[in-house]
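Q: Dropping a prediction and its sequence here:
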Amino acid sequence: MGLLVLALATWLGLASASEEAANSSRICQEAPAWTINGSSPMEGAAGQVTVVALLKAMPPSRSLGGLRERLARQGMANVRYMIINEKAPLSRAMLPELERHAPPGVPVFQPEQEDPDVWQVLGGDKDDFLVYDRCGRLAFHIQLPFSFLHFPYVEAAIRYSHIKDFCGNCSLYPNTTHSERDTNPSEDHKPATHAHHHHGDHGQLHHKGKKQKEGDEH
């Protein structure tokens with residue numbers, strides 16, 4: 001994927017950092033501690049990019065398999081993926097359907113009644129993708145409508161996080177000498193349609209994406 005999309009991914013991450021600050025964002029912080037059935041899925045992630053998808057039971061989760069295969073063919077086979085189902089009773093009842101549509105080898109985690117609401121702990125919502133860097137820090141939190149997989153943002157965020165140390169000072173990236181966050185994408189690479197993508201605008205886009213969800217697929 002070209003430099004343009006990588007620049008878009010960088011810009012999107014920086015925008016997310018700004019927007020999420022008002023919501024106790026953990027951009028460039030380690031994932032908060034969370035467990036499901038007594039296990040900690042984020043353990044053992046050091047050295048790998050980890051992608052956490054907050055999905056419900058629906059066919060678009062199949063597209064995650066296509067994305068994973070495409071990236072694996074291009075040298076990114078060591079990226080970890082996981083799906084977390086919603087804790088709500090209806091979503092719990094649909095867990096078998098979500099597992100059926102999940103890509104082979106991608107674990108699906110279901111919070112039990114006694115478990116914390118992982119979506120809430122992570123500050124996420126339906127169809128969010130959280131991309132953690134090789135040091136286990138949140139580099140990108142991509143929300144609707146940008147998280148639809150027919151857009152390039154999720155793929156670009158994974159690619160960028162695999163190659164670049166966005167948060168900086170992670171010794172698990174080769175040749176890391178400075179914080180990548182100090183380098184902003186050039187003005188030529190910023191998407192003009194999102195140039196004023198502040199918190200209020202994002203809320204409107206998020207709401208619009210929700211309305212369109214029934215007719216759209218990743």
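A: Cool, got the structure.

Q: dump the residue contacts of Asn37.
A: 112, 115 (CB atoms under 8 Å, 6 or more residues apart in numbering). For every residue, glycine as well, the C-beta is placed using N, CA and C.

Q: Quick check: it vs Arg159, distance?
A: Relative to Arg159, Asn37 is positioned 32 Å away (CB to CB, to the nearest Å).

Q: do the same with His141
A: Using CB to CB, His141 is found at 16 Å from Arg159.

Q: between these two, which one's more packed in?
A: His141 (26 against 21; other CB atoms under 10 Å).

Q: Helix, strand, or coil at the more buried one?
A: Under DSSP: H, G, I helix; E, B strand; the rest coil, His141 falls in the strand class.

Q: surely it meets Asp128?
A: Yes: His141 sits in contact with Asp128 when judged by CB atoms under 8 Å, with a separation of 6.7 Å.

Q: quick one: low-confidence parts of the protein?
A: Along the chain, segments meeting pLDDT under 70 span 1-25, 58-62, 175-218.

Q: residue boundaries of the helices in it?
A: 3-20, 61-73, 89-93, 95-101, 118-122, 153-163, 199-212 (DSSP state H).

Q: how close does the closest residue to Cys135 other than its chain neighbours get to Arg68?
A: Nearest non-adjacent residue to Cys135, counting by CB to CB, 6 or more residues apart in numbering: Cys170, 4.0 Å away. Per CB to CB, Cys170 is found 23 Å from Arg68.

Q: Please verify my assumption that the residue nearest to Cys135 contacts Tyr132.
A: No: counting by CB under 8 Å, Cys170 stays clear of Tyr132, with 10.9 Å between them.

Q: Those two - which one has more neighbours?
A: For Cys170 versus Tyr132, the count of surrounding residues by other CB under 10 Å is larger for Tyr132: 22 against 19.

Q: Now do the nearest residue to Leu95 once chain neighbours are set aside: how many residues are near it, please.
A: Spatial nearest neighbour of Leu95, excluding adjacent residues (CB to CB, 6+ apart): Gln110 at 5.1 Å. A count of neighbours around Gln110, defined by other CB under 10 Å, yields 18.

Q: Over to Gly65?
A: 16.

Q: how deep is the closest residue to it other than its chain neighbours tucked in, by neighbour count?
A: For Gly65, ignoring the flanking residues on the chain, the nearest one in space by CB to CB, 6+ apart is Pro103 at 3.0 Å. The local packing of Pro103 (other CB under 10 Å) involves 17 other residues.
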